[in-house]
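Visitor: Sequence first, predicted model second:
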Amino acid sequence: MENPNPNPTNEDETQIVIRRIQRLKLHLTPTQPSSLNNNQLHLLTCAGRKKKLNVSTTLLSNYMRGKHRDIQEKIFEFFESRPDLQTPVEISKDDHRKLCFRQLNALVREAKIKPFKYMFDDPGRYFSILEAVGSIDMSLGIKTGVQFSLWGGSVINLGTKKHRDKYFDAIDSLDYPGCFAMTELHHGSNVQGLQTIARFDPITDEFIIDTPNDGAIKWWIGNAAVHGKFATVFARLVLPTHETKEGADMGIHAFIVPIRDLETHCTLPGIEIHDCGHKVGLNGVDNGALRFSSVRIPRDNLLNRFGDVSRDGKYTSSLSSINKRFAATLGELVGGRVGLAYSSVGVLKISVIIAVRYSLLRQQFGPPKKPEISILDYQSQQHKLMPMLASTYAFHFATQYLMEKYSEMKKTHDEKVVGDVHALSAGLKAYVTSYTAKSLSICREACGGHGYAAINRFGILRNDHDIFQTFEGDNTVLLQQVAGDLLKQYKEKFQGGTLTVTWNYLRESMSSYLSQPNPVTTRWEGEGHLRDPTFQLDAFRYRTSRLLQSVAVRLRKHSKNLGTFGAWNRCLNHLLTLAESHIESVILAKFIDAVQSCPDRETRAVLKLTCDLYALDRIWNDIGTYRNVDYVAPNKAKAIHKLSEYLSFQVKNVARELVDAFDLPDNVTRAPIGMQSEAYAHYTQYVGF
């Protein structure tokens, strides 16, 4: 492995030796971890093994639910009072679309909940609304996001005051339902490769929108097939010039294009709309395809925050290049990823609640001549569900942090915070949605045959959530963005640059974590040490630092023969593993912060137990990496495995309280086998007994 400082001075070598001696001394004479500044927390990790912790579901729930729970409860109560707005298990595509639009209208016009204003004034409240309506029906959550995050957000974030004055109230009231027309048949993730053309005509002072070939047809556009009347269309802005016949390509810009008549709802001239048809899930959302043939729109319909065209065809922008304008444009649309990460955790909560409650209820086999035991008493079931429950808590706190950073970004527009949110939202959206998608299948299997009944929701949740891994950025592409940003930070680290908030630990890790592992630490297998958050976080960050440095060396090596693109492709799996490792480090850090901040001692104890399971389960899942670099000795690896299994058993003992603390009422979880009481009675009544 290449040394980040290939020519160390004697002073450098002396400092490395001193650091290693200091670390060895600390491990020989353990002290409280100063980096965490919480003696109570450290003492808690070394406490004796209790059979079961005392848990106040109310205190835990109050700590979890946050300041926006009131509006979620209002939404839950509203839909519970309206049986006509509840989505049945069996419903056709067309009926589901009609119902979903009625649900959205009822939310805005009858319940008087206006999500749009919160998107700008209080983003945390907005994302809480999205999570709540997505819990009612995931199609409703996505349709709400299309209307307000995508269509509305693009108009306000990419436009200027004239657009806000003209469109805000009508978008807010649903008088202007709209679409977000970015994805094309041939281009989704590669937005810079979009082919739709917006050519300026200086004679009429209009833009002419054209679809030059079938590959440029806008595809999978939510709200387009049935309900949308406007679309934000992303197209290449072309200005007339004397130098070239084709004109000057100014890059991708966004335009407001009316697609249906406001009164008659008829498709407007030059616009062709087709239905994308029945999907694997989310059939309450009307996805359509759009083709444009010489569609003329006023010059004012250019969303001109980052680039404008004057009456005489002159282009002006505060940003000096196409790439900078493109980055600024996409940066303003990052809220969609924040919303998906946040909502995906909501889906995971529902599935874990159902699976855990059923596993506590269902009894199967047991010792001879003794009562049957619950299936959650089996170690195999604990292994399936308890790390998942711990992960749900971890993701909850991580996405809460992401939401807070996003709110800070919208208020301050600080460049470092913008960069931080862009990378963090990409990574968390990719990591959380992929984990949730896998977990839904595990939960279904964990509930056996009853998990296969549509009424128990796993199939519906799995199908509706599956696309979360693709839209708002394909997960594989998003993880590459995270890896690219890590490499950029790595490079700047050795050029004297500063690190943004999320990457701060690299400053320490690059200079200390990459030295040879401490020979004492690698063998230390005591429970107090393994449950020490300093050890856990160091292990996560050590792995990330190793992966980062080794992939940087590999890229430099391969680029000599394969070029930049070829080298990246050769190292792609390594880069994806790096990005996931970094995101796991961030998630653990935020979980530890949440444990530290919890004011109630017993609540803090159960959160600490859950956090320890999350950390040690992740370390064990990647134990090969730690063994390959001698970060853990064989005896320590065995101890980690043994302790993670014991912690799963401990979490099982408080599993009911942990899922109850999510505080989702039965009318939201809805699965009969996941009811808080009389689950079998609800189930048998459903089938007619």
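Guide: Thanks, I have the structure now. Residues are numbered from 1 along each chain as shown.
Visitor: Let me know the pLDDT of S35.
Guide: For S35, the pLDDT comes out at 37.
Visitor: Same check on P8?
Guide: For P8, the pLDDT comes out at 46.
Visitor: same question, R19
Guide: 51.
Visitor: what's the answer for R570, then?
Guide: Per-residue pLDDT puts R570 at 95.
Visitor: Leaving out sequence neighbours, find the closest residue to it.
Guide: Leaving aside its chain neighbours, R570 sits nearest to H558 (4.9 Å; criterion: Cβ to Cβ, 6 or more residues apart in numbering). Heads up, the C-betas are built off the backbone N, CA and C, glycines and all.
Visitor: can you pull out the strands in the stretch 101-250 of the chain?
Guide: For the stretch 101-250 of the chain, the strands defined by DSSP state E, counting those that start in this stretch occupy 178-181, 197-201, 206-210, 218-221, 230-239, 248-258.
Visitor: Okay, angle between the fifth one and strand 197-201 too, please.
Guide: Computed by axes from the mean of the first three to the mean of the last three Cα atoms, to 10 degrees, the angle separating strand 230-239 from strand 197-201 equals 70 degrees.
Visitor: so F468 makes contact with A437?
Guide: Yes - between F468 and A437 there is a contact at 7.1 Å, judged by Cβ atoms under 8 Å.
Visitor: With neighbour numbers in mind, choose between these two.
Guide: Using other Cβ atoms under 10 Å as the criterion, F468 and A437 rank with F468 on top: 25 against 19.
Visitor: In contact with the more buried one, which residues?
Guide: Applying Cβ atoms under 8 Å, 6 or more residues apart in numbering, we find F468 in contact with 340, 343-344, 347, 433, 436-437.
Visitor: cool, and F127?
Guide: The contact partners of F127, by Cβ under 8 Å, 6+ apart, come to 338-339, 342-343, 403.
Visitor: Could you point out the helix or strand that follows the lowest-mean-pLDDT helix or strand in the chain?
Guide: One helix or strand of the chain scores below all others by mean pLDDT, DSSP states H and E: helix 39-45, with a mean of 36. The C-terminal neighbour of helix 39-45 among helices and strands, as given by DSSP states H and E, is helix 57-65.
Visitor: What pLDDT is listed against F292?
Guide: At F292, the predicted lDDT confidence score is 98.
Visitor: so what's the backbone phi/psi at it?
Guide: phi -120, psi 130 (degrees, to the nearest 10).
Visitor: can you pull up the bridge partners for it?
Guide: Using DSSP bridges, the bridge partners assigned to F292 are I271.
Visitor: The one 5 residues further on too?
Guide: On the basis of DSSP bridges, I297 takes part in beta bridges with F207.
Visitor: Counting neighbours, what do you get for it?
Guide: Using other Cβ under 10 Å, I297 is surrounded by 18 other residues.
Visitor: about what we covered before: farthest pair in the contacts of F468?
Guide: Across these, no pair lies farther apart than S343 and A437, at 13.1 Å, counting by Cβ to Cβ.
Visitor: Buried residues of the longest helix seen in the chain, list them for me.
Guide: In the chain, with assignment by DSSP state H, the single longest helix is helix 533-570. For helix 533-570, burial by neighbour count (16 or more other Cβ atoms under 10 Å) applies to 533-552, 554-555, 558-559, 567-568, 570.
Visitor: Packing partners of that helix?
Guide: With contacts defined as 3 or more Cβ pairs under 8 Å, 6 or more residues apart in numbering; DSSP states H and E, the packing partners of helix 533-570 are helix 39-45, helix 475-493, helix 505-508, helix 572-597, helix 601-621, helix 623-628.
Visitor: what ranges do the strands span in the stretch 301-450 of the chain?
Guide: Using DSSP E, counting those that start in this stretch, strands in the stretch 301-450 of the chain cover 308-309, 315-316.
Visitor: so can I have JSON lines of these showing mean pLDDT and distance to S441?
Guide: Shown next, in JSON lines, are these (pLDDT from 0 to 100; distance: least, Cβ to Cβ, whole Å):
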{"stretch": "strand 308-309", "mean pLDDT": "96", "distance to S441": "49"}
{"stretch": "strand 315-316", "mean pLDDT": "94", "distance to S441": "50"}
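Visitor: Looking at these, which is nearest to Y680?
Guide: Closest among these, once you apply Cβ to Cβ, is strand 308-309, at 64.6 Å.
Visitor: Measure how far that closest one is from the centre of its chain, please.
Guide: Distance of strand 308-309 from its chain centroid, counting by Cα atoms, centre = their mean, to the nearest Å, is 34 Å.
Visitor: what's in contact with it?
Guide: Identification of contacts with strand 308-309 by Cβ under 8 Å, 6+ apart yields 200, 237, 239, 299, 302, 315-317.
Visitor: burial of the closest residue to L302 other than its chain neighbours, as a residue count?
Guide: Nearest non-adjacent residue to L302, counting by Cβ to Cβ, 6+ apart: F255, 5.7 Å away. Around F255 there are 24 other residues, counting by other Cβ under 10 Å.
Visitor: most packed of the strands of the stretch 301-450 of the chain?
Guide: Stretch with highest mean neighbour count among those: strand 308-309 (a mean of 18; mean count of other Cβ atoms under 10 Å).
Visitor: Just the pLDDT at E372, thanks.
Guide: Here the pLDDT value assigned to E372 is 89.
Visitor: wait, it sits on Q363?
Guide: Yes - look at E372 against Q363 with Cβ under 8 Å: they come within range, at 3.9 Å.
Visitor: What ranges in the stretch 351-500 of the chain fall below the confidence cut-off?
Guide: Low-confidence segments of the stretch 351-500 of the chain (pLDDT under 70): 493-500.
Visitor: Try it again at 90.
Guide: Applying pLDDT under 90 to the stretch 351-500 of the chain flags the ranges 363-364, 366, 369-370, 372, 410-419, 471-473, 488-500.
Visitor: tally of neighbours for the closest residue to D169 other than its chain neighbours?
Guide: Excluding its sequence neighbours, the residue lying closest to D169 (Cβ to Cβ, 6+ apart) is D175, at 7.9 Å. By other Cβ under 10 Å, the residues close to D175 number 11.
Visitor: how far away is D175 from G153?
Guide: Distance of D175 to G153, given as Cβ to Cβ, to the nearest Å: 17 Å.
Visitor: repeat for L588
Guide: Computed as Cβ to Cβ, the L588 to G153 distance reads 31 Å.
Visitor: How about D660?
Guide: On the measure of Cβ to Cβ, D660 and G153 end up 35 Å apart.
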